[in-house]
Every structure is written in C-alpha cells, then in structure tokens.
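Novice: What follows is a predicted protein model with its sequence.
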Amino acid sequence: MQSLILTTATRLLVALLLVFSIYALLRGHNLPGGGFIGGLIGATGFILYVIATSVSDARSALRVDPTNIAMLGVGIAALSGIMGAFAGDPFLTGQWLFLFAAEGEKGLPLSSVLVFDVGVYLAVFGGILTLVFAMEEEI
Amino acid sequence: MSWILVNPILIPLVTAVLAYLFRTSPAGRWISVAGTVVLLFASLILMGEVLEHGVIAGQMSNWQAPFGITLVADYLGGVMVVITAITAMATVIYTLAEIPERLERLGFHALLQVLVAAVCGAFLTGDLFNLYVWFEVMLISSFGLLVLGGSKEQLDGGIKYVTLNLVSTIMFLSGIGLLYGITGTLNMADLHLAVREVENAGLLTTIAVMFMVAFGVKAALFPLFFWLPASYHTPPVAVSAIFAGLLTKVGVYALIRSFTLIFDQDVTFTHTILLWLAVATMVTGVLGAAAMNDFRRILSFHIISQIGYMVLGLALFTPLGLVGAVFYLVHHIIVKANLFFVAGVAKRIGGSTDLSRLGGLYAHAPLLAFLFLIPAFSLAGFPPLSGFWAKYVVVKAALDLEMWFVAGASLAVGLLTIYSMTKIWGAAFWPKHPDGIKPRLGDLPAGERVALMAPIVGLAVLTCIIGLFPEPFVQFAETSAEQLLDPTAYVTTVLGVQP
Amino acid sequence: MELLLALTIGVLMASSVYLMLDRNVIRFLFGLILLSNAANLVIFLSGRLTAGAPPLIDEGAYAPTGVVANALPQALVLTAIVIGFGLLAFTLALVYRTYRSLGTVNSDEMRLAEPVSAPRTTPHPDPTAAPGTPPASDPTLDKTDATTTPTGGEARA
C-alpha cells in the first residue's frame, strides 16, 4: 500500500519517535520511562517506516541486522552487571560516577544502571524489529 | 562468593553474544567451544566451593535475601551445573561435525549457549519467580533450536512442544501468584519457613498440586508427556541430545527442589500422587518405546520411563530414595545424551534412524557398536555400569518401605528396557543393511570422525567410571539427600539467620 | 472489588480452557493468550488491592508513609507480560510458518512427526483414534460451534 500522506509524514515521525525513544530511555531512572519502553518507542518508528515503505527499505535504513542489535543489547546488559566486579561488589550492583560533583552538588550522575538500560533498549529494539520484519516478510 | 555462583550463568550468556556476532565466520563455533570449556572450569570451581562449605549463597546486587535475587548452590545444584557443563561441552564438540553452516549462520550456537545459561540459571536460582524466568528463557531458546531450519517435521513437533510447554509455564506462574498471595514471599528458603505458618493447609496442598502439574509437564510425567515423543526426534541430533539430557531433568530438579524445600507439609497426599505417577510414567514410557520403530523415538520414550525412576526416588521421600533420585539424575543425563549421539552417528553412516532401514553397524563399525552397548546396558541397569547402582538404590529404597508392587514394576520396566535396547541392536547393528550400504566410520572425514566420536567416548568413559567406582558418587548423593531432607543449612545460608 | 476480579479470572480461565480444547491451533493460541492474562491477574490480585495509593517514596524519606500498593506483584506481572508477549509472538509466527508449510491449522492433521502408519507388530492401544477420518470429525466440529453461544452468554453474565 502506497500512501503519499503516510510516506511524507513517516519521514518526520520516524525521526521524532527515535529522538523521543532516547528521551524516554534517559529519563527512566527516576521517572516513568526506561530502556524497555524506549526500545518499544524506537521500534515503533521503524515499524511505521515498514508500513509506509517496505521491509527491504527499512532494513537498508537500519543498516545493521536487528538480531545483531538485540544480541549486542544483551551483551551490554551483561557487561553492565560485570562492572560491579571492579568495585568488588556482587553481580549487577549499580556503580555510580558523579561527574563535576562539588560540595552539596550531585553533579552529573552516571551509573551502570544506565548502561544496563541501554542494553535493554537495544535488546527490545532489535528483538521487536526482528519479529516484525520476519512477520512482514512472511506475509 | 557470589561471582563463583554467577559465572556458570554469565559465561554461556557472554559466549552466546560473541558467538552470535561472529556467526558468519568459523570463529563463531570455536567461541562456542571455548565458552563451554571455560564453563566447565567455572562449574568445577563452584563444585569445589560447594564441597568445602556445603551450601553457598550469593545475593545479586547486594539486596538482602528475601528481597533480592538469590543464587544458591547446594550439593544437588552444584553437581547439576557440573553435569550441564559436561553435556554442553560434549554437545558443542559434536555439533562441529553435525550442524551445517546454514544453521550456524542462523545463530545456532548462540541459541545453544543461551539454553545452557538458562539451565544453569534454573539450577542455581534460589527464588521461585527467578526460576520461572529461567524456565521461559530455556523455553524460548529451545523453541528456537527445535524449529531452526524449519523442516516440516520440525514445525509439526515444534507446535506441540511449544503449546504444551506454554500451558505448563502459565500454570507455574499462576501457582507462583497464589503462593505469593498466601505467604508473601517467593524466596525458596524464606518459603520453607513461611509455609509452616500458613493456616489454610488445604490451599497450600492445592498450590502444591498446581506446581506438580506445571513441573510434571516439564519433566514429562505420566499423563503430561505427549509433547516429548512428538518433538524430540525432529531436530538435529545434537539438539535432541542436549534436550534429552538436560531439559526434562530441569523439570525433575524443580520437582525435587520444591517438594523437599517448600511442599513437605502434606507428604502423605502429594508424595503418594507422585509415587503412582512415577510408576505410571515408567510403565507407559517403556511400553511406548517397545512399540516404536525408530532409533531416536525409542530413545525419546525411554527418557519418559527413566524420569519415572527419578520421581519415584523423590516420591518415596526416604533418605535412600533421594540418594537414588540424585544418582539417577546424574547418571541419566550422561547416558541419554550419549545414546542420542550414537543414534546421530548411526544416522550419519547408515543413512537413517528408522530401524528397518539401518543395519550392518556391528560388522562395519564395531567401535560404534561397542560404544552403543555401554550406555545401552547402563540405561537398562547392567551391573558394572552406572545405571545398575542408580536402579539398585531406587529399588532398594522401595523394598525398604515394603512397596513390593512398586519395586516389582521398576524391575519389570528394567527388563523391558533391555528388550528395546535389544531391538535396536537386533535391527541396526546385527543384520546386513537393507540397502546394501556398508556403514563405516572410516568413510567419514577425519576431523568429523573425531568431533563425532570424542563426546561419545568421553561420556562412555564417564559412565564406566561412575559404574566401577560408585563409592564417592553414592556418598556424594547421600550428603545431597541429607541436605534435601533437612534444609536447615540451605535456609540459614540463604537468609543468614538462624530460623 | 476482589470478588469481581476473581470472577473475571474465573471467566477468563474458563473461556481459555474452552478455546484450548479446540483442534484449531489458532483458537488454541487465543486460549493461551487469555490464560496468560488470567495468570497475570492472579498475581496482581494476590498482592492485594489498594486503590489509588502508588508505592512512591517522598523526597528525603526512606519508606513510604501509610498504606500503599504492593509494588512487587506489579513488577512480577510486568515481567510476566513481557515474557508472555515474546513467547506468544514467537508462537504466532510459528503457527503461521506451520500453516504455510503444512497447509493446515488442525492439530489432528499434524501427524508428520508422528506418522500414523508406522509399522507395528503389536496393536495400537487405541486404534480408533489413530486414523482421522473426515466424516467422523465433521459432526464434532459442528458440535463445538454450536456450544459457542452458551459460553458467550456466560461471559456476558
């Protein structure tokens, strides 16, 4: 199905959805959001792209095989857990780094929890797209 | 301490990621091999710690026991991880010669490693919901392995496997929900204490039966086993072998764990059900095997009948019975995986797994014939092999309780096991090949021959070692049975307090 | 409210069992979806219901004040939903692949892995069940369709 309105709108919407998915990923630690929902939103962008164009177009727009993205996500999540080892903590213990921290000022908190969330983001993003691409190609 | 516990889960997981990213090059499969070797070392280190301390526990991300994710290894959990690592290593070596590059490119090794990680996770977790998660991971990866390649038989078997196992996990999940509702905890050690304070004992027994059904499907117990013979003979042999060795045993392990640690309130009710289910499982399994005419399908039915012995050991609920169950569990994983490997080689050189289209293996591949006899006799329970001691302990436990019928049935099932092993021997090994093929091992390329035979020889040697020197293994099983029947050490190690 | 939810779970479970008894694999799958949702509700309900009290901790405090909802079952349900979603999507894809390659969604006709005509010397324990004769299965199909209406009414009541 080719629809001029949809294809034109998709170009804008895909970019918007991808940016929004990153936003949802980053605000996830203290507010509603996080890797899972971010990954879903990001995948929605590409699913929209599939509907507007075709799977092969979406694949070439994505450049990387979605299954690779998903597995990489799992690997990153596992790595974030291993980070605890360097501090002598058990697996998956959150490690924190406060950039530019001063007296009474937390600075920019960076944590292995965020890395874990990035892993989840990629895993969900890749997993959903693998599934959707496969289903779409079958039908 | 906690890293020793995490390693057996983490190593296969990382291996899976690497093997997947390198799946299009030969590096992928060697990463997979290396991963299992490292896993074996990690599991042996874990076992060493367990032998030293009895029970070891670790809290993930430092959340204290009833709240966080707990990993525990007692004697049973430790030995299961070791045996998982051994089976995984044997399987991965075997796949080097068996799995075509087409499947490797689809991510075969990654799925296999995820499966191993999930099995290790299920053996090590100390939390019921976590067990559910590992079950699901195990299911997803096993679904993938089962239908990878997508032949018609695989899809057909896959549908049955997937649907029935999904029903069982949902059942498990509902059971978890209800158990949480009446106890307010899901940590298994904490549950051991919490169920003692539940007033509504009837509700607890109902939940116990729900768990029994859920784990019964996984373990292929009597009325719930239909998915197993429908699917286990369809995937590549290496996949059949690791499924046959490990997956149903995870169900048995879960049964043993939950019905010694959590549901030991109404033993006369729940364990009596288990007892008769075990007997029925043994008998139907072996009769099903007798009716089959395909190498792998006979073996699939034998898994069911052997599950009966393990559950019987649990159902007797005496120290000796549990010794038998633990011993049987370990022995059976080795033997059954090995028999599937033999079936794979027979298919490779003889061209089929259908017994009417096989033959001449004894004349042309005597080494294979000899190596078939070791696990086959062990499965049937011939004296100098591991199966004899396993059967002996279980039957002795039944006789001690004066359950003549049960003991008689298990002996008769042993006899019928010999019958179907003889049937395989009489059709595949003894006569001439119907198509005039001379199935010779020497016709295989040298590299493939080593990759196919090394796991078979290794596992056969292991069977002989357990059979000839059973003393340390029985002692080990005795200690683990003690730990199972008196989980005080388990509970105190996990919770860190005196109950 | 608990009673209402419990009844909903019951109705869901009953309808799912009804659907899962069907020979059509697609309907079985629908039954499975209902069943997994029912299981999720069981967990949700077992955490007890506390309406309008999100388990949030105030700024600076270490524990929530007053009665708040139990967060653990909600986390469990979330996990179960995610896993269930993945599995069901996989199963749907599998059923579709199977339909494409076997040309049927009737589980009685899926006998490829276990062919009925396997040569046997001993009689099959249930020989009548083995050959799926079309005339015998047609009336049963009609019967299952006829019973659809009462269940639908029950679900509405």
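Specialist: Nice, thanks for sending it over.
Novice: What separation do you get for the residue nearest the centre of chain C and A:Val50?
Specialist: Among the residues of chain C, the one closest to the centroid is C:Leu32, at 1.8 Å (CA atoms, centre = their mean). Applying CB to CB, to the nearest Å, the value for C:Leu32 to A:Val50 is 26 Å. The C-beta positions use only the backbone N, C-alpha and C, and glycine is treated the same way.
Novice: So what's the residue count around B:Leu379?
Specialist: Using other CB atoms under 10 Å in any protein chain shown, B:Leu379 has 29 neighbouring residues.
Novice: Could you do B:Thr24 as well?
Specialist: 10.
Novice: any idea how far it lies from B:Ala97?
Specialist: 19 Å.
Novice: before we move on, what about B:Ala390?
Specialist: 30 Å.
Novice: just to revisit the earlier point, confirm the residue nearest to the centre of chain C sits in a helix?
Specialist: Yes. Assessed by DSSP: H, G, I helix; E, B strand; the rest coil, C:Leu32 belongs to a helix.
Novice: interface residues of chain C facing chain A?
Specialist: C:Val82, C:Gly86, C:Ala89, C:Phe90, C:Leu92, C:Ala93, C:Tyr96, C:Arg97, C:Arg100 (CB under 8 Å from any CB of the partner chain).
Novice: ok, those vs B:Val311, which is closest?
Specialist: Of all the residues of chain C next to chain A, C:Phe90 has the smallest distance to B:Val311: 29.7 Å, by CB to CB.
Novice: And what about the closest one, helix, strand or coil?
Specialist: Classification of C:Phe90 by three-state DSSP places it in helix.
Novice: count of neighbours near it?
Specialist: For C:Phe90, using other CB under 10 Å, the count is 19.
Novice: Wait, it touches B:Ser142, no?
Specialist: No. With contact defined as CB atoms under 8 Å, C:Phe90 does not count as touching B:Ser142 (11.4 Å).
Novice: which residues in chain A form helices?
Specialist: Ranges of helices in chain A, per DSSP state H, are A:4-26, A:35-52, A:55-62, A:66-86, A:112-138.
Novice: Please spell out which residues along the shortest one are buried.
Specialist: For helix A:55-62, burial by neighbour count (16 or more other CB atoms under 10 Å in any protein chain shown) applies to A:Ala58, A:Arg59, A:Leu62.
Novice: Stretch C:27-40 and chain B in contact?
Specialist: Yes. Applying CB under 8 Å from any CB, one finds stretch C:27-40 touching chain B at C:Phe28, C:Leu29, C:Leu32, C:Leu35, C:Ser36, C:Ala38, C:Ala39, C:Asn40.
Novice: now, which of these sits nearest chain A?
Specialist: C:Leu29 (14.2 Å; CB to the nearest CB).
Novice: quick one: the particular helix or strand that has the closest one in it to chain centroid distance?
Specialist: Following DSSP states H and E, the helix or strand that holds C:Leu29 is helix C:25-46. In terms of CA atoms, centre = their mean, to the nearest Å, the centre of helix C:25-46 is found 4 Å from the chain centre.
Novice: about what we covered before: can you redo the buried residues of helix A:55-62 as CSV with pLDDT?
Specialist: As requested, those are exported to CSV (pLDDT from 0 to 100):
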residue, pLDDT
A:Ala58, 86
A:Arg59, 88
A:Leu62, 86
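Novice: Residue 6: neighbouring residues, count only.
Specialist: No chain was given, so I picked chain A. A:Leu6 has 14 neighbours, counted by other CB under 10 Å.
Novice: I was after chain C.
Specialist: By the measure other CB under 10 Å, the count of residues near C:Ala6 is 13.
Novice: who are the neighbours in contact with it?
Specialist: By CB atoms under 8 Å, 6 or more residues apart in numbering or on different chains, the contact set of C:Ala6 is C:Leu45.
Novice: helix, strand or coil for it?
Specialist: Classification of C:Ala6 by three-state DSSP places it in helix.
Novice: Look up how far chain A lies from it.
Specialist: For C:Ala6, the distance to chain A equals 29 Å [CB to the nearest CB, to the nearest Å].
Novice: Looking at that residue now. What's its pLDDT?
Specialist: C:Ala6 carries a pLDDT value of 91.
Novice: likewise C:Gly153?
Specialist: 37.
Novice: just B:Met47 next, same as before
Specialist: The model's pLDDT for B:Met47 equals 92.
Novice: Which secondary structure elements does the helix or strand hosting it sit against?
Specialist: Element membership for B:Met47 (DSSP H and E) is helix B:27-53. Packing contacts for helix B:27-53, counted by 3 or more CB pairs under 8 Å, 6 or more residues apart in numbering or on different chains; DSSP states H and E, involve helix B:2-21, strand B:70-73, helix B:75-98, helix B:108-124.
Novice: Mind putting the buried residues of helix A:55-62 into JSON lines with distance to B:Thr488?
Specialist: Formatted as JSON lines, the buried residues of helix A:55-62 follow (distance: CB to CB, whole Å):
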{"residue": "A:Ala58", "distance to B:Thr488": "58"}
{"residue": "A:Arg59", "distance to B:Thr488": "58"}
{"residue": "A:Leu62", "distance to B:Thr488": "55"}
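Novice: Make CSV from the residues you listed and add distance to chain B to it.
Specialist: CSV is the format used below for these (distance: CB to the nearest CB, whole Å):
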residue, distance to chain B
A:Ala58, 20
A:Arg59, 16
A:Leu62, 16
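Novice: Leaving out sequence neighbours, find the closest residue to B:Met138.
Specialist: B:Ala118 (3.8 Å; CB to CB, 6 or more residues apart in numbering or on different chains).
Novice: before we move on, what about B:Arg102?
Specialist: The shortest distance from B:Arg102 to any non-neighbouring residue, by CB to CB, 6+ apart, is to B:Gly149 (7.4 Å).
Novice: Contact partners for the one you found?
Specialist: Going by CB under 8 Å, 6+ apart, the list of residues near B:Gly149 reads B:Arg102, B:Leu103, B:Leu106, B:Pro235, B:Pro236.
Novice: give me the number of residues near B:Ser61?
Specialist: 17.
Novice: Over to A:Thr8?
Specialist: A:Thr8 has 11 neighbours, counted by other CB under 10 Å.
Novice: follow-up on the earlier one: between the helices of chain A, which gets nearest to chain C?
Specialist: Closest to chain C of the helices of chain A is helix A:112-138 (CB to the nearest CB; 5.4 Å).
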